[in-house]
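**Student:** Give me coordinates for this.
(one chain, ligands or ions: 1)
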Amino acid sequence: MRKKQFKAESKKLLDMMINSIYTHKEIFLRELISNGSDAIDKLYFRSLTDESVGMYKEDFHIFITPDKDARTLTIEDNGCGMTADELESNLGTIAKSGSLDFKKDMEEKSEVEIIGQFGVGFYSAFMVSDKVTVLSRAFGEESANLWTSQGADGYTIEPAEKDTAGTVITLYLKEDTEEEKYSDYLETYKITSLVKKYSDYIRYPIMMDVETTHPVEGKEDEYETVTETRTLNSMVPLWRKNKNEITEEEYESFYKDKFYDYTAPAKVIHSKVEGQATYDALLFIPKKAPYDYYTKEYEKGLQLYSNGVLIMDKCPDLLPDYFSFVKGLVDSSDLTLNISRETLQHDYQLKLIARTIEKKIKSELTNMLKNDRENYEEFYKAFGMQLKYGVYESYGANKETLQDLLLFVSSHEDKLTTLNEYCDRMKEDQENIYYACGETKAKIDMLPQVEAVKDKGFEILYFTDNVDEFAIQMMSEYDQKHFVNVCADNLDLSSDEEKEAVKKENEDSKELLDKMKDALGGSVTSVRFTNTLKNHPACLTSEGMVSTEMEKVLNSMPNSNGEVKAETVLEINANHPVAEKLKTLSDENLTKYAKLLYMQARLIGGLTIEDPAEFSSLISELMV
Ligand code: ADP
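**Tutor:** Below is the predicted model of the structure:
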């Protein structure tokens, strides 16, 4: 029989397992039991729509058999099983879901980190075994197959006999060493305690034949040995237990196991609700966004159980889009078992549950923000964008829910701030919440208007995400304060006298300014003097709804035709020497100066200029 090779990464991982110095080798049992339980789940799921699973369902279980003579440990399940192809693809390659960086991580991380973070699934069997066989028959198939491997040199798959669907995994345990007594894994007490420790909440019975010795009744000094089949786990799902019976580690490993994350969650929310809607919910707020989170492929949803029985793997109706990052499950006895996706949408109970869950998530996030800021900020780095989209998408309808969960970088400190904190710091005479947009904080700081506003002692929020300004426009105000872009033309922080002076200056120079506008051939809607600038000679401001930053974003959208145009005004610093100079120029030179000032203003604002060559030659001309 031809021996097949493992895929490269798998082989690496396998090598690691075989030579493992990991001190918690015992986790192999948990991993194999979880796989068995998942396989039963799959068949159970099928039974909801496929009657042929039928009676089989009553007998779902996992069976463990130690054999001291053969030095083998067998883990058997009557789940969905695997075809020959599935054996090949599932056990010949790493199938770690949700870990795109696995390859990279394997190079960078230590064994302990990898095992701790990823869990290692099936391959962990090789931490304790020299040889592993997997006898499997897929549900609905007539034939079975045997997968055999003695480790990194490859594996074989051959046809085999098996009466019923399911999988039998046999571990040929390694020889005992000084550090590790592998034969312990054949002892009843050891297996029992490992199941209790790691797999107690598995929903299906984990069974084992246990031999016990009893005195024979009526006969002194005579004993008999009886074999009885015991169920080792309590089968109470984790979420049905009382909070005070559950350790943090249990929550964590449950989360990592079930939702394929290798980072512990930022927050665990375990709630038991009674009243109009009665349910248990176990929710997790992840710390890191899954690699596909901000793509169309990502599916939101919570697992839905009815009385401990899974009825839907990802029920989208339980989560609003802006909380789509939440993972977890809801178990309610108010729902009927054979409910379909369509009827579920209209289910009154489900809507009630969804509403309470949303409130709960919000209040937990609010708590975290208040009492565990560091943790919240880490969460926000991963999912803040989604909250902002939430404000934007609903045309502001969800702003009440979300506005106090938002954080922005501000000029106050090099830290994130909430809108509420910003408002608390506002100066007495400050009427608006000021913001400025750009790619990075550093680039924003270079904007002439930012300098001017900061100089007046006002705090500025830095909008560096594309969605920021759109979201804020949807909100339109916070705590009755309007959001004002410091680069917008309607921002004027000067005194009435100053305003009057500039107004006059503009009127007096109307001819000059119009000439400059004409020189720029439609690039700007007007040119005028301003006294809000400090050191820079000129800047661009925008009129109307579309800011220059929004122009950039909108035109970079995949289906844009680049036609969105911010209405731009070229503002010239009235206090800058260049302002005086302009008044002395010939028409020809005024055209050149207008162009130069416009191009400078674009560059300072983080925009590109259309004709860098012209810019360069104009500068050179000035230089010589
Ligand atoms: P994971 O369980 O994290 O996907 P594993 O390496 O443990 O990774 O298993 C790889 C795949 O092999 C599983 O996703 C599953 O499809 C299949 N598998 C493992 N054990 C069983 C089993 N007992 N019954 C059916 N399929 C199994």
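**Student:** switch to C-alpha atoms for all contacts and neighbour counts from now on
**Tutor:** Noted.
**Student:** quick one: the nearest residue to residue 537 once chain neighbours are set aside from residue 540, how far?
**Tutor:** With Cα to Cα, 6 or more residues apart in numbering as the criterion, residue 537 has its nearest non-adjacent residue at 5.1 Å, and that residue is residue 573. According to Cα to Cα, to the nearest Å, residue 573 stands 11 Å off from residue 540.
**Student:** Between these two, which has more neighbouring residues?
**Tutor:** Comparing residue 573 with residue 540 by other Cα atoms under 10 Å, the one with more neighbours is residue 540, at 28 against 22.
**Student:** Centre of the chain to the host helix or strand of the more buried one, how far?
**Tutor:** Residue 540 belongs to strand 538-543 when assigned by DSSP states H and E. Mean C-alpha position of strand 538-543 versus that of the full chain (Cα atoms, centre = their mean, to the nearest Å) differs by 38 Å.
**Student:** contacts for that strand?
**Tutor:** Here strand 538-543 makes contact (Cα atoms under 8 Å, 6 or more residues apart in numbering) with 447-449, 487-490, 548, 566-573, 597-598, 600-602, 604-605.
**Student:** which residues touch the residue in the chain positioned nearest to the ligand?
**Tutor:** Relative to the ligand, the nearest point of the chain is residue 121 (3.2 Å; Cα to the nearest ligand atom). By Cα under 8 Å, 6+ apart, residue 121 lies in contact with 28, 31-32, 35.
**Student:** re the thing from before, now intersect the contacts of strand 538-543 with the strands, please.
**Tutor:** Among the contacts of strand 538-543, the members falling in strands (DSSP state E) are 567-573.
**Student:** Output those residues in TSV; the columns should cover pLDDT and distance to residue 49.
**Tutor:** Listed next are those as TSV, based on pLDDT from 0 to 100; distance: Cα to Cα, whole Å:
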residue	pLDDT	distance to residue 49
567	83	59
568	87	62
569	90	65
570	93	67
571	91	69
572	93	72
573	91	74
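**Student:** Produce a ChimeraX select command limited to the buried residues of the residues you listed.
**Tutor:** Provided next is the ChimeraX selection string for whichever of the ones in strands among the contacts of strand 538-543 are buried by 16 or more other Cα atoms under 10 Å:
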select :567,568,569,570,571,572,573
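**Student:** Please produce a markdown table containing the ones in strands among the contacts of strand 538-543, extended by distance to the ligand.
**Tutor:** Below are the ones in strands among the contacts of strand 538-543 laid out as a markdown table (distance: Cα to the nearest ligand atom, whole Å):
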| residue | distance to the ligand |
| --- | --- |
| 567 | 54 |
| 568 | 55 |
| 569 | 58 |
| 570 | 59 |
| 571 | 60 |
| 572 | 63 |
| 573 | 63 |
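**Student:** Let me know the helix or strand that the nearest residue to residue 276 once chain neighbours are set aside is in.
**Tutor:** Distance criterion Cα to Cα, 6+ apart; nearest residue to residue 276, sequence neighbours excluded, is residue 352 at 7.8 Å. Assessed by DSSP H and E, residue 352 sits inside helix 348-371.
**Student:** re the thing from before, return the item of the contacts of residue 121 having minimum pLDDT.
**Tutor:** Lowest pLDDT of these: residue 31, 88.
**Student:** Tell me how far that residue lies from residue 151.
**Tutor:** In this view, residue 31 and residue 151 are 18 Å apart by Cα to Cα.
**Student:** Next: residue 521.
**Tutor:** When distance is defined by Cα to Cα, residue 521 is 74 Å away from residue 151.
**Student:** of those two, who's got more company?
**Tutor:** residue 151 (19 against 10).
**Student:** And the helices in the stretch 301-450 of the chain, which stretches?
**Tutor:** Using DSSP state H, counting those that start in this stretch, the helices of the stretch 301-450 of the chain run over 341-345, 348-371, 373-393, 399-402, 419-425, 441-445, 448-455.
**Student:** looking at this, residue 39 is in a helix?
**Tutor:** Yes: assigned with DSSP: H, G, I helix; E, B strand; the rest coil, residue 39 falls within a helix.
**Student:** ok, now which ones touch it?
**Tutor:** 77-81.
**Student:** Show me which of the residues you listed is closest to residue 59.
**Tutor:** Nearest to residue 59 among the contacts of residue 39, counting by Cα to Cα, is residue 78 at 8.3 Å.
**Student:** For the closest one, which non-adjacent residue is spatially closest?
**Tutor:** Residue 78's closest residue in space is residue 166 (Cα to Cα, 6+ apart), at 4.1 Å.
**Student:** Ramachandran coordinates for that neighbour?
**Tutor:** Main-chain torsions, residue 166, degrees, to the nearest 10: phi 140, psi -170.
**Student:** Ok, residue 562 next?
**Tutor:** Residue 562 adopts backbone torsions of phi 70, psi 20, taken as degrees, to the nearest 10.
**Student:** residues contacting it?
**Tutor:** Residue 562 is in contact with 554-556, counting by Cα under 8 Å, 6+ apart.
**Student:** Just the buried residues of these.
**Tutor:** Among the contacts of residue 562, those scoring as buried are residue 554 (criterion: 16+ other Cα under 10 Å).
**Student:** Strands - which of the contacts of residue 562 land there?
**Tutor:** In strands, defined here by DSSP E, there are no members of the contacts of residue 562.
**Student:** of the contacts of residue 562, closest to residue 220?
**Tutor:** Distance to residue 220 across these (Cα to Cα) is lowest for residue 556, with 90.9 Å.
**Student:** Show me what from this protein comes close to the ligand.
**Tutor:** Counting by Cα under 6 Å from any ligand atom, the chain comes close to the ligand at 35-36, 39, 80-82, 90-91, 95-96, 121-122, 167.
**Student:** Let's see that with 8 Å instead.
**Tutor:** 31-40, 76-77, 79-82, 86-87, 89-91, 93-97, 119-123, 136, 166-169, 257, 260 (Cα under 8 Å from any ligand atom).
**Student:** all strands of the stretch 401-550 of the chain, in order?
**Tutor:** 408-410, 416-417, 432-437, 460-463, 477-478, 481-485, 526-530, 538-543 (DSSP state E, counting those that start in this stretch).
**Student:** For residue 394, report the pLDDT, please.
**Tutor:** You'll see residue 394 listed with a pLDDT of 80.
**Student:** SS state for the closest residue to residue 146 other than its chain neighbours?
**Tutor:** Setting aside the residues directly before and after it, residue 146 is nearest to residue 135 in space (Cα to Cα, 6+ apart), at 4.4 Å. Using three-state DSSP, the structure places residue 135 in strand.
**Student:** So residue 272 lies in a helix, does it not?
**Tutor:** No: counting by three-state DSSP, residue 272 falls outside a helix, being strand.
**Student:** What about it, how many residues nearby?
**Tutor:** 17.
**Student:** cool, residue 463 as well?
**Tutor:** 23.
**Student:** Just list the residues touching it, thanks.
**Tutor:** Residue 463 is in contact with 408-409, 435-438, 469, counting by Cα under 8 Å, 6+ apart.
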